[in-house]
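Enquirer: Dropping a prediction and its sequence here:
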Amino acid sequence: MTFPISGIPGIGAAFGTGGVAGIDTTATARTAGGGDAFSSVLASTFDQLQATQASADGLAAQAATGDLKDVHDYMIARSEASLAVEMVVGIKNKAVEAFNEIMRMPI
């Protein structure tokens, strides 16, 4: 059984790579401005990350109560949430690094 892996909106197109399952690739920025587009993509990515984590937490609660039939569903959801967090943190770190580099540029 295989699971499709989708990317974070705007990231897969920019780097030509796939992303983490549970993150919607069909979401696009609604505005034409660069700053507004980036902030809306970032905000939607954080919302999707939260939804992925909530799904994994719900499956964890089901596993703890014995209501979960297949434990592998929880393990897959937890791995997806973990990978999504790592990706978002990496993107955040690169954005902060780019901002700091811009701030160091002489005027």
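Expert: Received, thanks.
Enquirer: just for the chain, where's the confidence low?
Expert: By pLDDT under 70, the weakly predicted segments of the chain are 1-35.
Enquirer: Show me what counts as buried in the longest helix along it.
Expert: The residue-count maximum for a helix in the chain (DSSP state H) belongs to helix 71-104. By neighbour count on 16 or more other C-beta atoms under 10 Å, the buried set for helix 71-104 is 74, 76-78, 80-81, 83-84, 87-88. Quick note: C-beta positions are derived from backbone N, CA and C, even for glycine.
Enquirer: Then stretch 44-58?
Expert: Using 16+ other C-beta under 10 Å as the test for burial, stretch 44-58 gives 44-45, 48-49, 52-53, 55-56.
Enquirer: and if you look at stretch 56-66?
Expert: For stretch 56-66, by 16+ other C-beta under 10 Å, it's 56, 59, 63.
Enquirer: Summarise which helices and strands the longest helix of the chain is packed against.
Expert: Applying 3 or more C-beta pairs under 8 Å, 6 or more residues apart in numbering; DSSP states H and E, one finds that helix 71-104 makes contact with helix 34-65.
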